[in-house]
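Engineer: Could you look at this predicted model? Sequence included:
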Amino acid sequence: IRNIAVLTSGGDAPGMNAAIRAVVRACSFYKLECTGIFRGYQGLIEADFEPLDARSVRNIINKGGTFLKSTRSKEFQTKEGRKKAFENLKANNVDALIVIGGDGTFTGAQLFSKEFGFPTVGIPATIDNDINGTDYTLGYDTALNTVVEAIDKIRDTASSHNRLFLVEVMGRDAGDIALNSGIGAGAEEILIPEENLGVERLLDSLRKSKKSGKTSSIIVVAEGDKSGKNIFELASYIEENMDEYEVRVSVLGHIQRGGAPSCFDRVLASKLGVGAVEALMKNKSEIMLGVHHQKVVHVDLITAIKGDAKIDKELRRVADITSV
Ligand code: F6P
């Protein structure tokens, strides 16, 4: 292998830049060429390439987002799109590819690698932490800290006004952000997509805590919550069914995807970036670099994208005990 290309795809995540930097610097260390692909798979199809050297990635370890830009390419989901991508890589003398992204990115990478026998490895980056086979994905730790900081601020105003706040956090299918930030920020209730405990149980719990002397509360709601009501309907329902309870909604939205990566994410990105280059040098393909018990591991892409969303029962237990 002489020339490795790198791209970022799907929803951006803090730590993507640190991962690109590690890939480029590892290539430089091993005297390999490195090609940056802009705008994810779309840029791969349109040959939006640029050679990268160790100096191209200076001053980015601390930056959120991705300087290579990111897209969700519909064209790459077609066989013709992937063929164009393959031809562009060949024409530019690229012989291996590193993709940085989440499950959509890996699904594309797996198909592409299988169809053309092109060496491809993935680095998991998504604030959702919903990739199988790795304890952490890039961006998740930073997003958690962003959420906890935001909820701490909401708590100040909630307690000053004796109000109940519903705070919506990201996670269409995965409750990891909600569950962990909910515990970290001391939420009274946490609603996640993996379980639907019902709106009536929520009302009961709020009534109980009011009786016990609680004057304000925070409920963390994952965007993919399955209660059947959106967060605003949920707020109205609570107000209608609880006496003297003022409810407010705060949707945190995309602030969760931005910001400087935490030290944890920078170190993880550096380990996985170096690991990805070294895996390709050992002729590995169709794998993702993950981390398990602090060690870098190789996971088949097909396993990585097996979405078996499970909740961490121990975390749920701790949340229930500490929120009384
Ligand atoms: O997958 C990351 C994520 O931030 C999800 O938590 C969220 O549901 C989604 O992306 C939002 O995506 P976008 O705003 O890019 O369409």
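Structural biologist: Alright, I've got the coordinates. The model shown is predicted, which means the values in this text are computed figures rather than measured ones.
Engineer: Could you pull up the residues touching residue 188?
Structural biologist: Residue 188 makes contacts with 205, 206, 209, 214, 217, 218, 219, 323, as judged by CB atoms under 8 Å, 6 or more residues apart in numbering. Quick note: C-beta positions are derived from backbone N, CA and C, even for glycine.
Engineer: Which helix or which strand is home to the first one?
Structural biologist: This points to residue 205. helix 199-211 (DSSP states H and E).
Engineer: Can you list the buried residues in that helix?
Structural biologist: For helix 199-211, the neighbour count (16 or more other CB atoms under 10 Å) marks 199, 202, 205, 206, 209, 210 as buried.
Engineer: hey, where'd the strands end up in the stretch 201-324 of the chain?
Structural biologist: Ranges of strands in the stretch 201-324 of the chain, per DSSP state E, counting those that start in this stretch, are 217-222, 246-251, 287-292, 295-300.
Engineer: What lies in contact with the third one?
Structural biologist: Residues outside strand 287-292 that contact it (CB under 8 Å, 6+ apart) are 106, 121-124, 131, 133-136, 268, 271-272, 275-276, 279, 296-301, 304.
Engineer: you'd agree residue 156 is in a helix?
Structural biologist: Yes. According to DSSP: H, G, I helix; E, B strand; the rest coil, residue 156 belongs to a helix.
Engineer: Could you tell me how many residues sit around the residue lying closest to residue 190 once chain neighbours are set aside?
Structural biologist: With CB to CB, 6 or more residues apart in numbering as the criterion, residue 190 has its nearest non-adjacent residue at 3.7 Å, and that residue is residue 182. Residue 182: 30 surrounding residues under other CB atoms under 10 Å.
Engineer: Residue 182 is in contact with residue 319, isn't it?
Structural biologist: Yes. Under the criterion of CB atoms under 8 Å, residue 182 is in contact with residue 319, at a separation of 6.2 Å.
Engineer: Can you work out which residues contact both of the two?
Structural biologist: By CB under 8 Å, 6+ apart, the residues touching both residue 182 and residue 319 are residue 190.
Engineer: ranges for the strands of the stretch 1-150 of the chain?
Structural biologist: Remark: strands assigned in the stretch 1-150 of the chain by DSSP E, counting those that start in this stretch are 3-8, 33-37, 49-52, 96-101, 120-124.
Engineer: The third one: which residues count as buried?
Structural biologist: Counting neighbours by 16+ other CB under 10 Å, one finds that the buried residues in strand 49-52 are 49, 52.
Engineer: Also stretch 245-252?
Structural biologist: For stretch 245-252, using 16+ other CB under 10 Å, the buried residues are 245, 247, 249, 250, 252.
Engineer: Please give me every residue in contact with the third one.
Structural biologist: By CB under 8 Å, 6+ apart, the contact list for residue 249 reads 165, 166, 167, 168, 231, 232, 235.
Engineer: can you redo those as JSON lines with neighbour count, distance to residue 158 and pLDDT?
Structural biologist: Listed next are the contacts of residue 249 as JSON lines, based on neighbours: other CB atoms under 10 Å; distance: CB to CB, whole Å; pLDDT from 0 to 100:
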{"residue": "165", "neighbour count": "24", "distance to residue 158": "5", "pLDDT": "97"}
{"residue": "166", "neighbour count": "22", "distance to residue 158": "11", "pLDDT": "98"}
{"residue": "167", "neighbour count": "25", "distance to residue 158": "10", "pLDDT": "98"}
{"residue": "168", "neighbour count": "22", "distance to residue 158": "15", "pLDDT": "98"}
{"residue": "231", "neighbour count": "18", "distance to residue 158": "15", "pLDDT": "97"}
{"residue": "232", "neighbour count": "13", "distance to residue 158": "17", "pLDDT": "97"}
{"residue": "235", "neighbour count": "19", "distance to residue 158": "13", "pLDDT": "96"}
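Engineer: Let me know the closest of those to the ligand.
Structural biologist: Set against the ligand, the nearest of those by CB to the nearest ligand atom is residue 168 (10.7 Å).
Engineer: Quick check: what element follows the helix or strand containing that closest one along the chain?
Structural biologist: Element membership for residue 168 (DSSP H and E) is strand 163-169. Note on strand 163-169: by DSSP H and E, the next helix or strand toward the C-terminus is helix 176-184.
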